[in-house]
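Participant: I'll drop the sequence and a predicted model, then ask my questions.
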There are 2 protein chains.
Amino acid sequence: MSTQQLPLLSPEEFKAALFAIGKERYHHRHPFHLLMHEGKLHRGQLQAWVLNRYYYQSRIPIKDAIILSRSNDARFRRSWRERIIEHDGEHDGEHNGGHASDGGISRWLELAEATGLTRERVIGEHEVLPIVRYSVQAYLELVRSGSMVQAVASSLTELFAGELITLRIGKLREHYPWLAHGLSYFEKRISQAPQEAEFAFRWVVENARTREQQEEALNALRAKCDLLWAQLDAIHFAYVDPGWPPPDALRMEP
Amino acid sequence: MSTQQLPLLSPEEFKAALFAIGKERYHHRHPFHLLMHEGKLHRGQLQAWVLNRYYYQSRIPIKDAIILSRSNDARFRRSWRERIIEHDGEHDGEHNGGHASDGGISRWLELAEATGLTRERVIGEHEVLPIVRYSVQAYLELVRSGSMVQAVASSLTELFAGELITLRIGKLREHYPWLAHGLSYFEKRISQAPQEAEFAFRWVVENARTREQQEEALNALRAKCDLLWAQLDAIHFAYVDPGWPPPDALRMEP
């Protein structure tokens, strides 16, 4: 039976289907995050995570600009552009009294510095795992060439992010107290992620008007979960077990 | 110093630089292949490799068609189209007396069947690791949007393939005798890969006329090695150690 013949899901059923995907395949279940939250990672492993995840974080405004560029609705664009501002900040260092930008990417760099990495090393991106690059490229390709419903629905991992981030802040403070001054990225995201998720969720519910479009949205959310998961696979394989980073990738300090 | 200011490499120096990349980062050094050649993989792990690698194999003619589509030189196109014919074969099953196609993809499916997988399960691609998909997409993107020198140079891993395949056939026969009737793909590639490599190598040497273009070619070959490596990272992580395949990916039989 093709999806066109299936009945439209009610908003409640659709929301339940979206959350079921998160429960099954959001990266809160990945062994790397489980180890992180159990306090079983060492500083070098957290550095590897932060350095690689920077590559993802730094492409979020590009992802959002692609989505922005595809909308004919000024109301949508006015809301969506806030995401770009949140990540890139209002100011760069030079126009902000010598301080770094106040955006999410800059806050991520504070986290990187708290692990002992230099800003330059992270921004240089020479040590990023190829798989992390591929998964981010796959994300950009999804929002560029998928339907608009798919593009927006792929951001719905934010529906699950609030809970994970709240847990993470507590666990990082508990197990890695030397990181405590680098957590402003997560502190800000606790309120941001649910706000952004709410707008995107309402948009997807309103604009996925056929069962086929609803299935497109569900598949896009699955695809997004998969690419977050794949990043952790790569990090876990290279830096936890068996510890064989590919050529050029960051080598952990002994 | 930018690469434009560096002197052009002689053909010998250029070839040496290409081979140095192979020595450093071709996937013959990957732990998964080392285990394979030591006879330390079990049938389920070989199935996982063959099923995932099918996704890569089956996109090779698409990669080659993209390269073909970018050339204005009929002589180049006449040579390059042979690659497509080699992989897709001359006939499909229906026009070949009920036998399967005689192309490389079909021979890969014989290998899959020798591991105990059904053809349908492999062709269905439902259990492919997301990272394998991303790396193949990255390959197609490289040949689509890179320079023509980059596109052709990315195929130069064939320079290293002959030796690896010769070794592999011997090791597979020795350690996994139940696979012996499925090795026609590799047997054919022993002669094909060096022929194809020779044409591509001569083309790259002739057409990389500046040091900058030579560096582009070297970087494209590095990028290609990285994506082959990444596929094995994903397979190793999911199926060897610690054995945590992502949602939907093939589950090994116990």
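Facilitator: Received it, and whenever you're ready, just let me know what you need.
Participant: Report the buried residues of stretch A:168-185.
Facilitator: A:168, A:169, A:172, A:176, A:179, A:182, A:183, A:184, A:185 (16 or more other CB atoms under 10 Å in any protein chain shown). C-beta here means a position set from N, CA and C on the backbone, and glycine is covered the same way.
Participant: pull the CA atoms of that stretch into PDB?
Facilitator: What follows is stretch A:168-185, C-alpha atoms only, in PDB (Å, rounded to 0.1, in the frame of the first residue of the first chain):
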ATOM      1  CA  ARG A 168      24.300  16.900  29.700                       C
ATOM      2  CA  ILE A 169      24.900  20.200  31.600                       C
ATOM      3  CA  GLY A 170      24.400  18.400  34.900                       C
ATOM      4  CA  LYS A 171      26.600  15.400  33.900                       C
ATOM      5  CA  LEU A 172      29.400  17.600  32.500                       C
ATOM      6  CA  ARG A 173      29.400  19.700  35.700                       C
ATOM      7  CA  GLU A 174      29.400  16.500  37.800                       C
ATOM      8  CA  HIS A 175      32.100  14.500  36.000                       C
ATOM      9  CA  TYR A 176      34.200  17.100  34.300                       C
ATOM     10  CA  PRO A 177      34.300  20.100  36.700                       C
ATOM     11  CA  TRP A 178      37.200  21.600  34.800                       C
ATOM     12  CA  LEU A 179      34.800  22.100  31.900                       C
ATOM     13  CA  ALA A 180      32.300  24.100  34.000                       C
ATOM     14  CA  HIS A 181      33.300  27.600  32.700                       C
ATOM     15  CA  GLY A 182      32.800  26.400  29.100                       C
ATOM     16  CA  LEU A 183      29.100  25.500  29.200                       C
ATOM     17  CA  SER A 184      27.500  28.700  28.000                       C
ATOM     18  CA  TYR A 185      26.600  27.200  24.700                       C
END
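Participant: I figured residue A:153 hits residue A:222, correct?
Facilitator: No. Using CB atoms under 8 Å, residue A:153 makes no contact with residue A:222, being 9.7 Å away.
Participant: Comparing those two, which residue is more hemmed in?
Facilitator: Just comparing residue A:153 and residue A:222: by other CB atoms under 10 Å in any protein chain shown the higher neighbour count belongs to residue A:153, 31 against 19.
Participant: any idea whether the more buried one is helix, strand or coil?
Facilitator: Following DSSP: H, G, I helix; E, B strand; the rest coil, we place residue A:153 in the helix state.
Participant: how near is it to residue A:212?
Facilitator: Between residue A:153 and residue A:212 the distance is 13 Å, computed by CB to CB, to the nearest Å.
Participant: swap in residue A:141?
Facilitator: The gap separating residue A:141 from residue A:212 is 21 Å, by CB to CB.
Participant: The residue nearest to residue A:178 when sequence neighbours are not counted: neighbouring residues, count only.
Facilitator: Leaving aside its chain neighbours, residue A:178 sits nearest to residue A:114 (7.3 Å; criterion: CB to CB, 6 or more residues apart in numbering or on different chains). Neighbour count for residue A:114, taken as other CB under 10 Å: 19.
Participant: if I pick residue A:114, what's in contact with it?
Facilitator: Residue A:114 makes contact with A:178, A:179, A:180, A:181, A:182, A:183 under the criterion CB atoms under 8 Å, 6 or more residues apart in numbering or on different chains.
Participant: try 7 Å
Facilitator: A:179, A:181, A:182 (CB atoms under 7 Å, 6 or more residues apart in numbering or on different chains).
Participant: With residue A:32 instead?
Facilitator: Contact analysis of residue A:32 by CB under 7 Å, 6+ apart lists A:232, A:235, A:236, A:240.
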